[in-house]
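Undergrad: Coordinates for the following, if possible.
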Amino acid sequence: MTSGLVLLGRLALIIGLLCLCIAPFAFSPARLVLLTQALTMLSLAMLWNLVAGYGNVMVIGQHAFVGIGAYAFYGFAMLAGWHMAVALPAAMTVTLVFGIVVYAMLYRLRTAYLAVGSWVVAETLMLVASRLPGFGGGSGASLPASLLRTLGARAPERLSTIYILVLVVTVLTFALIWMLMRSRIGLGLAALRDSEEGAAVAGVNTRLVRAACFILAAPIVGLVGVLVTLQKGRISPVASFSMLDWTIYVLFIVVIGGLGSLEGPIIGTLVFFLLRELLQDYGTLYLITLGAMSIVIVLFAPKGLWGLARRKLGRDLVPLTHDPRTGDLP
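TA: Here you go, the predicted structure:
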């Protein structure tokens, strides 16, 4: 029975991916926008889960890298006049450099000090962005129509192009995290997730694996920031460095779905957008429900909804290790 449920779960993941691949041809523009937003949040959730869930680096300043990616892309594409194909990897490189610098500043901090420190860095960068000449100051700046038309001559074409880009980034992010967790670094991260002291005693270089996942995540978060900019068609300090959109909601998704798992962010994203669609017309009730649900999960199911499901199934839908008894994937 358990094996059958696992196979059904894996089949559901495959069918879901196939549906996402045909979405530009099967869904209305409104549904495509919703899917684009969901995949964007899923990418950010998977990356924050890598840093906090596996790397045990509890930052609440991930929105800093979203904003850095957005502003770097605007600077290269608009102010420097670079082609989008060049400006995009350049923005990722800038975010990578900032990721190294930020980690060098914060790596000695732990628990609440790390969380507050990362938040302070993010808010400081937002204030700096609002003072940058050529970027529109506090009100931000819009991308010109000529740049957006490179994604498609008409709005539906641009929407489909952006959706495909977001889908590719999401799938590659998932695959990258899966491969990382299957590597030697992944074994160290899994041990670090279960017990930091135990991992250190077992010979895991905890400082190295923390740095690896934090620095690896930074440029990909910056890439997501570029895609967010293309979706919105503009940059601004408040929107590009939004703590609510790019960190708080992401934390909710991961906590609800399950910290330290590949399946958790997927489940959390589904729950988050389902609640948003059902409750968005009820004003503050939407946020109250999100907060109440987070508290209940933290108190009674600290490993999230996927933790409850895995307790019944006894294994993951996306295997990360080999079963030592059989040598097969669990």
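
Undergrad: Confirm for me that Val86 is in contact with Phe73.
TA: No. With contact defined as Cβ atoms under 8 Å, Val86 does not reach Phe73; the gap is 10.5 Å. C-beta coordinates here come from the backbone N, C-alpha and C atoms, glycine included.

Undergrad: The two: which is more packed in?
TA: Shown here are Val86 and Phe73; by other Cβ atoms under 10 Å, Phe73 has more neighbours (29 against 12).

Undergrad: Specify the local secondary structure of the nearest residue to Arg193 once chain neighbours are set aside.
TA: In this structure, Arg193 finds its nearest non-sequential neighbour in Gly260, 4.7 Å apart by Cβ to Cβ, 6 or more residues apart in numbering. Local secondary structure at Gly260 is given as coil here, using DSSP: H, G, I helix; E, B strand; the rest coil.

Undergrad: for Gly260, what are its contacts?
TA: Gly260 makes contacts with 49, 53-54, 193, 303, as judged by Cβ atoms under 8 Å, 6 or more residues apart in numbering.

Undergrad: For the stretch 51-200 of the chain, which segments count as helices?
TA: Here the stretch 51-200 of the chain has its helices, by DSSP state H, counting those that start in this stretch, at 63-74, 84-106, 111-129, 145-148, 155-182, 184-194, 196-201.

Undergrad: So which bits of the fifth one are buried?
TA: To tie it back to what came earlier, the one meant is helix 155-182. Neighbour counts over helix 155-182 (16 or more other Cβ atoms under 10 Å) mark 158-163, 165-167, 169-170, 173-174, 176-178, 180-181 as buried.

Undergrad: Then stretch 308-318?
TA: 309-310, 313, 316-318.

Undergrad: In helices only, show me those residues.
TA: 309-310, 313 (DSSP state H).

Undergrad: Send me stretch 40-60 as PDB with only the CA atoms.
TA: Taking only C-alpha atoms (Å, rounded to 0.1, in the frame of the first residue of the first chain), the coordinates of stretch 40-60 have been written out as PDB:
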ATOM      1  CA  THR A  40       8.700  32.100  -9.200                       C
ATOM      2  CA  MET A  41       7.800  31.600  -5.500                       C
ATOM      3  CA  LEU A  42       8.600  27.900  -5.800                       C
ATOM      4  CA  SER A  43      12.100  28.700  -7.000                       C
ATOM      5  CA  LEU A  44      12.700  31.100  -4.100                       C
ATOM      6  CA  ALA A  45      11.300  28.600  -1.700                       C
ATOM      7  CA  MET A  46      13.600  25.900  -2.900                       C
ATOM      8  CA  LEU A  47      16.600  28.100  -2.600                       C
ATOM      9  CA  TRP A  48      15.700  29.400   0.900                       C
ATOM     10  CA  ASN A  49      15.100  25.800   1.900                       C
ATOM     11  CA  LEU A  50      18.600  24.900   0.600                       C
ATOM     12  CA  VAL A  51      20.200  27.600   2.700                       C
ATOM     13  CA  ALA A  52      18.100  27.300   5.800                       C
ATOM     14  CA  GLY A  53      16.600  23.800   5.700                       C
ATOM     15  CA  TYR A  54      19.800  22.000   4.700                       C
ATOM     16  CA  GLY A  55      22.600  24.500   5.300                       C
ATOM     17  CA  ASN A  56      21.100  25.700   8.700                       C
ATOM     18  CA  VAL A  57      21.800  29.300   7.800                       C
ATOM     19  CA  MET A  58      18.600  30.900   9.100                       C
ATOM     20  CA  VAL A  59      18.600  34.100   7.100                       C
ATOM     21  CA  ILE A  60      15.500  36.400   6.600                       C
END
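
Undergrad: mind checking how far that stretch is from the chain centre?
TA: When distances are taken as Cα atoms, centre = their mean, to the nearest Å, stretch 40-60 is centred 6 Å away from the chain's centroid.

Undergrad: cool, stretch 298-317 as well?
TA: Relative to the chain's own centre, stretch 298-317 is displaced by 21 Å; criterion: Cα atoms, centre = their mean.

Undergrad: same thing with stretch 172-187?
TA: On the basis of Cα atoms, centre = their mean, the separation between the geometric centre of stretch 172-187 and that of its chain is 15 Å.

Undergrad: swap in stretch 134-154?
TA: The offset between the C-alpha centroid of stretch 134-154 and the centroid of the whole chain comes to 24 Å, using Cα atoms, centre = their mean.

Undergrad: Kindly report the same for stretch 156-168.
TA: Taking Cα atoms, centre = their mean, one finds stretch 156-168 lying 18 Å from the centre of the chain it belongs to.
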